[in-house]
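> Using only what follows, build the 3D model:
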Amino acid sequence: MKKIKLLLMGLLMFIPCIVMADVSFSMGDYKNGSIVISIGGVEEETLGSLSCLADNDAITECKVNYNESYSSATGGFIATADGDLGYITLTYSSSEKLKDVTISLREGGGNVATKTITLPANSNGTTTTTTTTTTKLVFSSNAKLSNLTTNVGNISPDFNSDTKEYVITEIKDTINKISFNYNCSEGSCEVRLVGGSKVEGPTVYLNQGKNIVYLYVTAENPDHSTTYTFTVYRGETNYNSSKLASLSFGKYELSPEFDSKTTSYELTIPESITTLENFMEYTLEDEEATATVTGVDNLTSDESTLTIAVTNAEKNETTTYTVKITKEKEDVDIEVIKYIDDTVTFIGEDGTTEELSVEEFKEKYPEEWEKIEDGTYKFDEEGNIIKAEETNGTVTSTESKFPWWILLIILFVLILVIVVGVILFKKKPLKDDEENVEETPNNNTQTPDEIDSYDEEARLLSEDPTKEVSDETTEMPIENVIDDDYVEPTDETVDIDEALSDLMNNKEYDFKDKD
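Model prediction:
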């Protein structure tokens, strides 16, 4: 068990050496009483504690001080990034010269950096004699740039270290990158660019159109930083435009049709409109521009002028659009339904019922008020209108309009009655003789020759009613017929009309004598 513990302790002691393998330390010149320690080749990792040693006995203390950005740990510190790790301060007390002194920076038991420095001396060639002298290095907190330029485009406004936002334009679409050149205002600073499609050092590759580029500046004291923002346009852009992109007034049309380059227009509106706020709409070519609108309301005269002044983002250009407004009398499409207690009730153009005082109604609908005033519109005791409609110059009074839906119902009923009547009329009743025929079936089955014979007999009877026709085709005188069984004929005569009627209806008639 002890062997395992010793092995683990050995590994733990060996780890810092492994970690330190890729870490590099360096020391700067002695300045303002201290030496800056820089560190490189690190990621976030825990390192062993640092110490320093001076080879001069006059130096009583050599101390390592970590920057606030590095976290202290038990027996060491946590390194998070490359840069200045901290500083070394020296405390010395001596009357002898202090000139070239070798300072060794150590991690654990070994040196990681060594530097020979020259300590300052007084004017007579001897070092300052003090019992204790400790000076802390002061890092610059200035995170601003003293100047900035680009290799392409136009920066607006001109660069100033205190101005944080800029726009860069006039870059052709064929140019796909921009480089920034800059200097720190004080001491050393760290600059980092972000934006576009990608960044390589001070160069930013641009997308087509609008690009946002951020330039981050970090001071020597990492607690202080500044961000500059650049809006970079590659290709055509409406940035800094002082023009309108669109202008409209609802259903009322401008003359001529809107064009951003045209600044003068005319507009005709109904006489009753006193403001354009509810339906006037416009957009700016550059959303950073500003617009000032005058003459949009209080439109009481027959003619007025509306102006829209557009000022660009840089406030150095203004374009003014003017609209000449003319009012015209309109055909008012409202229906007055009641007038009582100085209040007029009417159905508006949108079909809703509205109420206005006499003064408001008179101002908005002067022609309709005239009809109330001159008695064209008449009202009953409760204020309901007794409609007065003008038709071809004559006035007809009715209490109200006949509802259109009742007219439709009446028309539908009339059409239905006509259709039913026609159907019933087409059904003809049976004739008496047709009913008789159906009741008494015809049992005669005659040939066509027999029917023709009967027709001939009927014709002869019609020529000479007194003449009897026998069944035979040969006529014989009555007196030549001698028969013992002869029977004197009766006085019965054939009714010709009846015979003809039977003939026509039944196509047959029995002309034989009846017993």
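> Low-confidence ranges, the stretch 1-150 of the chain, go.
For the stretch 1-150 of the chain, the stretches flagged by pLDDT under 70 are 1-22, 32-33, 41-46, 68-81, 93-99, 108-110, 120-138.
> At which residues are the helices of it located?
2-19 (DSSP state H, counting those that start in this stretch).
> What segments of it are strands?
24-31, 34-40, 45-48, 50-54, 59-66, 71-73, 76-79, 83-92, 100-107, 110-118, 145-150 (DSSP state E, counting those that start in this stretch).
> Just name the most buried of those strands.
strand 83-92 (a mean of 22; mean count of other CB atoms under 10 Å). (Glycine included, C-beta is placed from N, CA and C.)
> what angle sits between it and strand 110-118?
On the basis of axes from the mean of the first three to the mean of the last three CA atoms, to 10 degrees, strand 83-92 is oriented at 60 degrees to strand 110-118.
> Which other helices and strands does strand 83-92 contact?
Using 3 or more CB pairs under 8 Å, 6 or more residues apart in numbering; DSSP states H and E, the elements in contact with strand 83-92 are strand 24-31, strand 34-40, strand 59-66, strand 100-107.
> let's see 10 Å
Packing partners of strand 83-92 (3 or more CB pairs under 10 Å, 6 or more residues apart in numbering; DSSP states H and E): strand 24-31, strand 34-40, strand 50-54, strand 59-66, strand 76-79, strand 100-107, strand 110-118.
> could the ones you listed be laid out in TSV, adding distance to residue 208?
TSV is the format used below for these (distance: least, CB to CB, whole Å):
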stretch	distance to residue 208
strand 24-31	43
strand 34-40	39
strand 50-54	52
strand 59-66	48
strand 76-79	42
strand 100-107	52
strand 110-118	50
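> how about those strands, which one is nearest residue 271?
Taking CB to CB, strand 76-79 is the member of these nearest to residue 271, at 80.8 Å.
> Any idea which of the helices and strands packed on strand 83-92 gets closest to residue 201?
Evaluated with CB to CB, the helices and strands packed on strand 83-92 place strand 34-40 nearest to residue 201, the distance being 18.4 Å.
> That closest one pairs with which strands?
strand 24-31 (antiparallel), strand 83-92 (antiparallel) (DSSP bridges).
> Next, the angle strand 50-54 makes with that strand.
Using the same axes, to 10 degrees: strand 34-40 against strand 50-54 is 140 degrees.
> how about the helices in this structure?
Along the chain, counting by DSSP state H, helices occupy 2-19, 358-364, 366-373, 404-425, 432-439, 448-463, 496-506.
> Those: lowest mean pLDDT?
Per-stretch mean pLDDT for these is lowest at helix 2-19 (a mean of 44).
> quick revisit: which one of the helices and strands packed on strand 83-92 lies closest to residue 281?
Between the helices and strands packed on strand 83-92, strand 76-79 lies closest to residue 281; by CB to CB that is 59.9 Å.
> distance of residue 299 from residue 308?
Residue 299 is 15 Å from residue 308, where distance means CB to CB, to the nearest Å.
> err, residue 263, not the other one
9 Å.
> Any chance you could list residues touching both of those two?
Residues touching both residue 263 and residue 308 by CB atoms under 10 Å, 6 or more residues apart in numbering: 244, 319, 320, 321, 322, 323.
> Between the residues you listed, which sits nearest residue 167?
For the shared contacts of residue 263 and residue 308, the nearest to residue 167 is residue 319 (19.1 Å; CB to CB).
> Quick check: closest non-adjacent residue to the closest one.
Excluding its sequence neighbours, the residue lying closest to residue 319 (CB to CB, 6 or more residues apart in numbering) is residue 242, at 4.4 Å.
> right, and the one you found touches residue 263 too?
No: here residue 242 lies out of contact with residue 263, judged by CB atoms under 10 Å, at a distance of 11.1 Å.
> Between those two, which contacts overlap?
319, 320.
> Of these two, give the one with the bigger neighbour count.
Taking neighbours as other CB atoms under 10 Å, residue 242 and residue 263 compare with residue 242 leading, 22 against 15.
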